[in-house]
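1. Okay, sequence plus prediction incoming.
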Amino acid sequence: MLIFFHLYTAIMKSRCRTDFATQILEKKRAMGFVTKTLTVLAGCVMTSAYIGLAPAQAGELFNGWNYTIDSFDDGADGNQRGAESSYEIYGMALKETADQVYIAINSNLNLGGQYAEGAEDEYIHYGDLFLNLSGADLGDAQGNLFAIQFDAGNDSGVNQVGVYGDVIGTNTAAENSGFDQMTAHRDWANEEYEANGAKVKWTASMGDLSYTEYFQQGRHTVSSSIQSGDYLGGITFLNEQQLADAGLNFGAVNSGVAGRHTIGFNFDRSLLPEGDYIAHVFTECINDGLAMLGQLPPVQVPDTDDEVVVPEPSLLMGIVLFGGLGLAKRRMTTV
């Protein structure tokens, strides 16, 4: 095992980028490299995918989508969880093309929200989806975030569905009878509970991140909704068939497990910069949420085959002579 330790150490030391998001992303890529290399050496399967010639991704890549899979059993709904919980989030996926970004969320929560007597407006919705490309952790990135309001009925500080920049986040758990901080949700989800007459213990998950390595930790501080931001552009909602045509398939990466609803949309790729990102989304009550790590490549500028037509020298000479004769003729007629 010593050789594997040195291999991992060498990989980590070779990373020279220092921003927060990149450090986490590179760490997970390196761990993926080591894990896959160990698998190869144990099984003597020498393929480029397993020896790390292709870069490992933070999530799981399938059909061009980057997937992040959450715990199937940590969505709090009173004493219910998992398939019985209206707030269980199963996964999120992101795909980019030359001109579009696609995002999909698989969950038991409908886009119209869930009736909840304890919420001030009697409904609990999704919060807004945040994208951090600043390189800082969530608390330090305030004012430099991107976010998407995709649930028009939520408690967001903006009132138009779409993509926003220069975002400052806020927390709406208090208005939605939710957990006062993320670790409270984690501790609840990690409690042993009874299912089908047996004691079960599940591990809470935030997808690609832990509960404490990136998010604000104070009471009612973790950014779940937009407080303010600049509107950049709209989003287009996609139905299940349109998402399937784009290659989305949560069941293929979720061992066949999927939530009741898949919410998907796309927007113009030019609205976001390039770089490593951390994306996250919560329900307004912080009863569940997940984070995704990934990378947006540079915006591709399409090549143009249009050629500038330059007249031949003989043609230019003809134009000059023709113009000169016409001018001389006009002068002769006016004498």
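-> Thanks, I have the structure now. Numbers count the residues shown, from 1 in each chain.
2. which residues touch stretch 176-189?
-> The contact list for stretch 176-189 (CB atoms under 8 Å, 6 or more residues apart in numbering) reads 71, 73-74, 76, 81, 116, 118-120, 124, 155, 172-174, 202-204, 206, 211-212, 215, 217-222, 283-289. To be clear about C-beta, it is placed using only N, CA and C from the backbone, and glycine gets the same treatment.
3. Can you give me the domain assignment for this protein?
-> 2-51, 60-296 (automatic domain parsing).
4. First-to-last residue distance for the longest one?
-> In other words, domain 60-296. 15 Å (CA to CA, to the nearest Å).
5. Could I get the average pLDDT for that domain?
-> The pLDDT scores in domain 60-296 average 90.
6. cool, and the first one?
-> What domain 2-51 shows for mean pLDDT is 40.
7. Just list whatever residues bridge to the nearest residue to residue 208 once chain neighbours are set aside.
-> Counting by CB to CB, 6 or more residues apart in numbering, residue 208 lies nearest to residue 293, which is 4.5 Å off, once chain neighbours are set aside. Beta-bridge partners recorded for residue 293 (DSSP bridges): residue 278.
8. cool, and residue 226?
-> Going by DSSP bridges, residue 226 forms beta bridges with residue 169.
9. what's near enough to touch it?
-> 128, 147, 149, 156-158, 164, 167-170.
10. Now the two most distant members of those.
-> The most widely separated members of those, counting by CB to CB, are 149 and 168 (13.7 Å).
11. Who has more neighbours out of these two?
-> Ranked by neighbour count (other CB atoms under 10 Å), residue 149 and residue 168 place residue 149 first, with 24 against 16.
12. thinking that one is in contact with residue 127, fair?
-> No: under the criterion of CB atoms under 8 Å, residue 149 makes no contact with residue 127, lying 9.2 Å away.
13. Overlap of the contact sets of the two?
-> By CB under 8 Å, 6+ apart, the residues touching both residue 149 and residue 127 are residue 156.
14. Can you list phi and psi of the closest residue to residue 247 other than its chain neighbours for me?
-> Leaving aside its sequence neighbours, residue 247 sits nearest to residue 63 (CB to CB, 6+ apart; 3.5 Å). In terms of degrees, to the nearest 10, the main-chain angles of residue 63 are phi 50, psi 40.
15. Repeat that for residue 238.
-> phi -120, psi 140.
16. which SS state does the residue lying closest to it once chain neighbours are set aside fall under?
-> Excluding its sequence neighbours, the residue lying closest to residue 238 (CB to CB, 6+ apart) is residue 264, at 4.4 Å. At residue 264, secondary structure determined by DSSP: H, G, I helix; E, B strand; the rest coil is strand.
17. and the closest residue to residue 112 other than its chain neighbours, how many neighbours does it have?
-> What sits nearest to residue 112 in space, not counting adjacent residues and going by CB to CB, 6+ apart, is residue 153, at 6.5 Å. Residues lying near residue 153 (other CB under 10 Å) number 13.
18. Doesn't residue 153 belong to a strand?
-> No: read with three-state DSSP, residue 153 is coil and lies in no strand.
19. How much space separates it from residue 60?
-> For residue 153, the distance to residue 60 equals 31 Å [CB to CB, to the nearest Å].
20. what do you get for residue 300?
-> Taking CB to CB, one finds residue 300 at 24 Å from residue 60.
21. Name the residue in those two with the higher neighbour count.
-> Shown here are residue 300 and residue 60; by other CB under 10 Å, residue 60 has more neighbours (15 against 11).
22. Help me confirm that that one comes into contact with residue 253.
-> Yes: if you go by CB under 8 Å, residue 60 and residue 253 touch, sitting 5.2 Å apart.
23. what is in contact with the two at once?
-> 67, 69.
24. show me where the stretch 151-300 of the chain has strands.
-> 162-170, 193-195, 198-200, 225-233, 236-238, 261-268, 275-282, 289-296 (DSSP state E, counting those that start in this stretch).
25. Which of the ones you listed sits closest to residue 248?
-> Closest of the strands of the stretch 151-300 of the chain to residue 248 is strand 261-268, at 6.8 Å (criterion: CB to CB).
26. Same question for the closest one: list its buried residues.
-> Within strand 261-268, the residues scored as buried using 16 or more other CB atoms under 10 Å are 262-268.
27. partners of that strand, with directions?
-> strand 100-107 (antiparallel), strand 236-238 (antiparallel).
28. who wins for proximity to residue 197 among these?
-> Smallest distance to residue 197 across those (CB to CB): 27.9 Å, for strand 100-107.
29. Quick one: neighbours of the residue nearest to residue 208, just the number.
-> 25.
30. With the one 3 residues further on instead?
-> Other residues within reach of residue 296, judged by other CB under 10 Å, total 17.
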